[in-house]
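Colleague: the following comprises the amino acid sequence and a computationally predicted model.
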Amino acid sequence: NIAIVKSVSEHQPSSWTTFFFDMQCLVALVPVGLYFCFMHLTDANIFIILYTITAMYFSSIMVRLVLVLAPVVCVMAGIGASETMKNYSNIKWGGGTKKKSSIDAQEEEDEEEEEEGEGEKEHPKKAKEGKKKKKKSNAPKSAKGKEILEKLKKKQRNGNKVVRSEKKPVTFVTGVMVTMALLILFYFYTIHCTWVTSIAYSSPSIVLAAVNGDGSKTVFDDFREAYQWLKFNTDPDCRVMSWWDYGYQITAMGNRTVIVDNNTRNNTHIARVGYAMASPEERSIKVIRELDVDYVLVVFGGKIGYSSDDINKFLWMVRISGGIFPEVVEAEYYNAQGMYTVDRSATSTMTSSLMYSMCYYRFGEMMTQYGRPSGFDRTRNTEIGKKDISFRYLEEAFTSEHWMVRIYRVKKEPEMDEYIPSI
């Protein structure tokens, strides 16, 4: 129930789409593998069953733990596919009875030899006598008697072991159909894996790309553009305030000091940044001055439809800061209908917050989509409610090509300090 932990996207519960996207047909083959493991319980099968159930539980409560589930899903699906193929490759030819395979015959001979060897070790004299009697007695036994003797021998030999029943033969058509279905399934699974790897898991999170209607690609290199601007256009000792998600990137690529980053374990320190973002400029500037901040960076996706921007993360900033600062109340950021929105129905607390102001500054003048009014947010699919935004203590320093990264400079004029209100 800690807001800072819950705010991490990798800590969210896994949806069914995640499992199907990552594992495709293996999701259906896992129950088949479990069935065969339960049918033939051994130490190895019990281990893999427990591993599967445990991994399934933990991966369902946290999306990042799907990585733990992946290996056992491959093993269990392999067992399911292998056993299914074995069962349906046992084809009945011409309606006749199936003859014993050479392997089965060899196994039976080996078992008989082992029994004779054990008998000789235990009672060597009796074994010799038995062999002599065997040679002498050539009297044929009845078929029923032989069957009873074989059953008794098998029972004695196996003891408490579960005897695997003989597989029933299937018709040629059924066997071919099931085999072909599995091969086609694995063919499409291979294509799916290649596509997922190349599209979803091989693209860097810094450089984004989108496919246009004509099949061409548009590359959004705004993050690198912004970090390069920070590196070459700001003082090497300056301090940048942003949400913690971008801390490592700014440090590594922009070579600038950040207030919070991915390794900040002080919840109160992160809450202070959230408090500054959630408050009006008049209150935020006090925190900004205390933290000795030179630049404030926000990520905004309203122009191009980038959904992982700071407006969509803003409620987590409110919740985290609200846990430390009681003056930040989450309910005040919802409209009268109890919805989180940026349109005209948004509350004054929402529209006056520093985050809203920095993201939508000058955005009300922009036409983002044909047939839509100016200031239309393509991510939230709505026209923003407040367009006349101005700053007193901040000034726009840099906005990337697609408006994804916006950087504001904190004014350092000495005469501005006297106007900073006390909290």
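Modeller: That came through fine. Numbering: from 1, shown residues only.
Colleague: tell me which other helices or strands the helix or strand hosting Lys86 touches.
Modeller: In this assignment (DSSP states H and E), Lys86 forms part of helix 66-88. Judged by 3 or more Cβ pairs under 8 Å, 6 or more residues apart in numbering; DSSP states H and E, helix 66-88 is in contact with helix 16-23, helix 26-39, helix 43-61, helix 172-199. Placement of C-beta: from N, CA and C, glycine included.
Colleague: can you give me every residue that contacts Ile79?
Modeller: Counting by Cβ atoms under 8 Å, 6 or more residues apart in numbering, Ile79 makes contact with 33, 36-37, 48.
Colleague: which parts of the stretch 101-250 of the chain are strands?
Modeller: Residue ranges of the strands in the stretch 101-250 of the chain, as given by DSSP state E, counting those that start in this stretch, are 208-211, 217-220, 239-241.
Colleague: may I see the buried residues of the second one?
Modeller: Just to be clear, that refers to strand 217-220. Burial within strand 217-220, assessed by neighbour count using 16 or more other Cβ atoms under 10 Å, is assigned to Phe220.
Colleague: who's Arg239 bridged to?
Modeller: Thr257 (DSSP bridges).
Colleague: wasn't Ala397 part of a helix?
Modeller: No: counting by DSSP: H, G, I helix; E, B strand; the rest coil, Ala397 falls outside a helix, being strand.
Colleague: nearest approach to Ala271 belongs to which of the helices and strands packed on helix 66-88?
Modeller: Shortest distance between Ala271 and those, using Cβ to Cβ, is found for helix 43-61: 25.4 Å.
Colleague: give the buried residues for that closest one.
Modeller: Quick answer for helix 43-61 (16+ other Cβ under 10 Å): 45, 48-49, 51-52, 55-56, 59-60.
Colleague: can you redo these as TSV with pLDDT?
Modeller: Formatted as TSV, the buried residues of helix 43-61 follow (pLDDT from 0 to 100):
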residue	pLDDT
Asn45	91
Ile48	92
Ile49	93
Tyr51	93
Thr52	93
Ala55	92
Met56	91
Ser59	90
Ser60	89
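Colleague: got the angle for the helix holding Lys86 vs helix 43-61?
Modeller: Relative orientation of helix 66-88 versus helix 43-61 (axes from the mean of the first three to the mean of the last three Cα atoms, to 10 degrees): 130 degrees.
Colleague: could you list the low-pLDDT ranges of the stretch 151-300 of the chain?
Modeller: 151-170, 203 (pLDDT under 70).
Colleague: and the pLDDT for the residue nearest the centre of the chain?
Modeller: The centroid of the chain falls nearest to Val63 when counting by Cα atoms, centre = their mean (4.3 Å). According to the predicted model, the pLDDT of Val63 comes to 86.
Colleague: surely it meets Trp16?
Modeller: No: counting by Cβ atoms under 8 Å, Val63 does not reach Trp16; the two are 11.8 Å apart.
Colleague: before we move on, back to that, which one of the contacts of Ile79 is nearest Arg265?
Modeller: Of these, the one sitting nearest to Arg265 (Cβ to Cβ) turns out to be Ile48, at 37.1 Å.
Colleague: which SS state does Arg409 fall under?
Modeller: Applying three-state DSSP: Arg409 is strand.
Colleague: measure stretch 254-270 end to end?
Modeller: Counting by Cα to Cα, to the nearest Å, you get 21 Å between the two ends of stretch 254-270.
Colleague: ok, Gly375 - how many residues close by?
Modeller: Applying other Cβ atoms under 10 Å, we find 22 residues neighbouring Gly375.
Colleague: go on, Ile384?
Modeller: Counted by other Cβ under 10 Å, the residues lying close to Ile384 total 24.
Colleague: go ahead and confirm it touches Arg362.
Modeller: No: with contacts counted by Cβ under 8 Å, Ile384 stays clear of Arg362, the gap being 11.4 Å.
Colleague: how about JSON lines for the strands of the stretch 101-250 of the chain, with distance to Asn255 added?
Modeller: What follows is the strands of the stretch 101-250 of the chain, written out as JSON lines (distance: least, Cβ to Cβ, whole Å):
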{"stretch": "strand 208-211", "distance to Asn255": "22"}
{"stretch": "strand 217-220", "distance to Asn255": "22"}
{"stretch": "strand 239-241", "distance to Asn255": "11"}
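Colleague: those: which one's closest to Arg392?
Modeller: Closest to Arg392 of those is strand 239-241 (Cβ to Cβ; 17.4 Å).
Colleague: can you give me how far the closest one is from the chain middle?
Modeller: Chain-centre distance of strand 239-241: 31 Å, with Cα atoms, centre = their mean, to the nearest Å.
Colleague: who's in contact with it?
Modeller: 230, 250, 254, 256-260, 273, 276, 288, 291-297.
Colleague: stretch 272-289 now?
Modeller: Residues contacting stretch 272-289 (Cβ under 8 Å, 6+ apart): 241, 243-244, 259-260, 291, 296, 310, 314, 316-318, 320-321, 324-325, 328, 333, 352-355, 357, 391-394, 410, 417, 420-423.
Colleague: same check on stretch 401-415?
Modeller: With contacts defined as Cβ under 8 Å, 6+ apart, stretch 401-415 is touched by 220-223, 225-226, 229-230, 285, 288-289, 293-304, 306, 309, 358-359, 361, 363, 391, 393-400.
Colleague: before we move on, what about stretch 204-214?
Modeller: Against stretch 204-214 from outside (Cβ under 8 Å, 6+ apart): 203, 217-221, 223-224, 249, 253, 304, 306.
Colleague: and for stretch 215-228?
Modeller: So stretch 215-228 is contacted by 206-212, 249-250, 253-254, 297, 304, 306, 398, 400-405, 407 (Cβ under 8 Å, 6+ apart).
Colleague: so of these, which ones are in helices?
Modeller: Taking DSSP state H as the definition of helices, these contribute Gln249.
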